[in-house]
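Sharing a sequence plus its predicted fold:
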Amino acid sequence: MNYRHTLFIAIGLLFSWHLSSQDIHFTNYYYAPLYISPAKTGSFAGSYRLGANVRDQFSSFIEKPYQTVMAFADTPIAIGLKPHHWIGAGINVFADRGGDLNYQQTGAHLSLAYHYAIDPKYKTVITLGAQYGITQRNIGDNYSSGETLKGNTNDPDRQLIEDFNPTTGDLNIGVSLKKWTSKTAYIDMGISMYHLMQSEFSFNGSNTQNPVARRLNTYVEYHIQSNKQLAIKPVLIYSRMFQFQNLFGQVNLEYRPNKKSSTTLKGGIGYRNGDAIKFLAGMIYKGWDIGIAYDLTISSAATFNNNYGGIELGIRKNIITNKKPKLIPVILCPTL
């Protein structure tokens, strides 16, 4: 019984740390916009937007690295209180796993956002957004103990872990402000709060509740089209969950070799405070946007991972559908 209590406490502490400091995060949020704020839902030029991002972290020194896959889709809907207002609707799905116990999270969130343009020319837009969804957690089959190592297949604690499969609800909200500061530059800033419901879960047979701590996200992006070929996009993002903080900045460049080219080259560099230097590269070709990001660890963890932190691959596509106008036939009277 003492062993079982120790197991509950150890796993509970592990999950508390995981939920507080290892909530899903990305280096390149550009390929996961609905995850940084629900207010980004439907905030783009086009009919539909699709995207996905894959992250692999710590694969250089642990057997079961952290691996995250996230995909999203959203669309703007021309419905609002005024002609220059609109609604954004979308969905965000993800799967995350890692650690020796192969701890896994899967979930889906539906997003809605209302975009309030102050003026008909869309120079200033205020957006309110919300998400609701569910997250399911479970543990893989990598559990081992002194009993299982002895060949005892009746370890009662194995059953406790195999029965661990809680589903929790989630509510996230966000607000953003997008303002054009000139004909070629605009600023986009926002704040969002995730896990407002602070759902709790526990193991069968345990009275210890594991709450999902709230997470605060803030971001500031500045887009400058310096000329017809070069765009500069600095960004600053801050997140806080429980007592853990994440602050990083990036400077991204987009360059088109010539004015008629259908290809745009992307590159950038960033820094996560006290943790990693980020390198980003990518390409836009005929509307397909592909990017790769690499984290060079500079914290004390570099001793274990040889400076290899994580790598990401993202893709997104804006789809524009042109509807053909309905023509009403005109019948001319032959007597005229």
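Structure's in. What do you need?

Okay, helices next: where are they in the protein?
2-21, 33-36, 146-149, 156-162, 302-305 (DSSP state H).

Pro120 - nearest residue in space that isn't next to it in sequence?
Excluding its sequence neighbours, the residue lying closest to Pro120 (Cβ to Cβ, 6 or more residues apart in numbering) is His84, at 4.8 Å. C-betas here are computed from N, CA, C, even on glycine.

hang on, the one you found packs against Tyr122?
Yes: in this structure, His84 sits in contact with Tyr122. The criterion is Cβ atoms under 8 Å, and the distance is 6.3 Å.

how about Ile237, what does it touch?
Taking Cβ atoms under 8 Å, 6 or more residues apart in numbering as the criterion, Ile237 is in contact with 29, 36, 217-219, 246-249.

what's the most centrally placed residue in the chain in contact with, if anything?
Nearest to the mean C-alpha position of the chain, by Cα atoms, centre = their mean, lies Tyr35 at 3.3 Å. Under the criterion of Cβ under 8 Å, 6+ apart, the contact partners of Tyr35 comprise 24, 26, 29, 70, 72, 92, 94.

ok, back up a step: need the contact list for the residue nearest to Pro120.
With contact set as Cβ under 8 Å, 6+ apart, His84 has these partners: 117, 119-120, 122.

Most neighbours out of the residues you listed, which is it?
Top of the contacts of His84 by neighbour number is Ala117, holding 19 neighbours under the definition other Cβ atoms under 10 Å.

Okay, that one and Asp56: tell me how far apart.
Summarising the geometry, the distance separating Ala117 from Asp56, computed by Cβ to Cβ, to the nearest Å, is 40 Å.

ditto for Leu50
For Leu50, the distance to Asp56 (Cβ to Cβ) stands at 22 Å.

what does Arg137 give?
The spacing between Arg137 and Asp56, counted by Cβ to Cβ, is 20 Å.

Just give me the neighbour total for Arg137.
If you count neighbours by other Cβ under 10 Å, Arg137 ends up with 21.

Make sure it is actually in contact with Gly107.
No: the pair Arg137 and Gly107 fails to qualify as a contact (Cβ under 8 Å) at a distance of 9.1 Å.

If I look at Phe15, what pLDDT would I see?
The model reports Phe15 with a pLDDT of 41.

first to last residue in stretch 298-316, what's the distance?
Across its full length, stretch 298-316 reaches 30 Å between end residues, using Cα to Cα, to the nearest Å.

what's the answer for stretch 210-218, then?
From its first residue to its last, stretch 210-218 covers 25 Å (Cα to Cα).

same thing with stretch 233-252?
Across its full length, stretch 233-252 reaches 5 Å between end residues, using Cα to Cα.

buried sites along that stretch?
Neighbour-count burial for stretch 233-252 flags 233-235, 237-239, 241, 246, 248-250, 252 (criterion: 16 or more other Cβ atoms under 10 Å).

I'd like the distance from it to the chain centre, please.
Computed by Cα atoms, centre = their mean, to the nearest Å, the separation of stretch 233-252 from the middle of its chain amounts to 13 Å.

pLDDT averaged over that stretch - what is it?
Here stretch 233-252 scores 92 as its mean pLDDT.

same thing with stretch 31-49?
The model assigns stretch 31-49 a mean pLDDT of 95.

for it, which positions count as buried?
Judged by neighbour count (16+ other Cβ under 10 Å), stretch 31-49 contains these buried residues: 31-44, 49.

wait, which of those is closest to Asp289?
Taking Cβ to Cβ as the measure, Asp289 lies nearest Tyr31 of the buried residues of stretch 31-49, at 8.0 Å.

how near is the closest one to Val69?
11 Å.

Show me whatever sits in contact with both of these two.
Overlap of the contact sets of Tyr31 and Val69 (by Cβ under 8 Å, 6+ apart) consists of 52-53.

re the thing from before, TSV please, covering the contacts of Ile237 and showing distance to Lys286.
As requested, the contacts of Ile237 are exported to TSV (distance: Cβ to Cβ, whole Å):
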residue	distance to Lys286
Tyr29	24
Ile36	27
Asn217	32
Thr218	34
Tyr219	29
Asn246	35
Leu247	36
Phe248	31
Gly249	31
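
Kindly confirm whether my reading is correct that Tyr48 touches Ile91.
No: if you go by Cβ under 8 Å, Tyr48 and Ile91 don't touch, sitting 11.8 Å apart.

what's the overlap in contacts for the two?
Overlap between the contact sets of Tyr48 and Ile91, as judged by Cβ under 8 Å, 6+ apart, is given by 73-74.

my guess is Ser199 contacts Val212, does it?
Yes: with contact defined as Cβ under 8 Å, Ser199 counts as touching Val212 (5.3 Å).

if you count what's nearby, which of those two comes out ahead?
When Ser199 and Val212 are compared for neighbours, Val212 comes out ahead with 22 against 18, by other Cβ under 10 Å.
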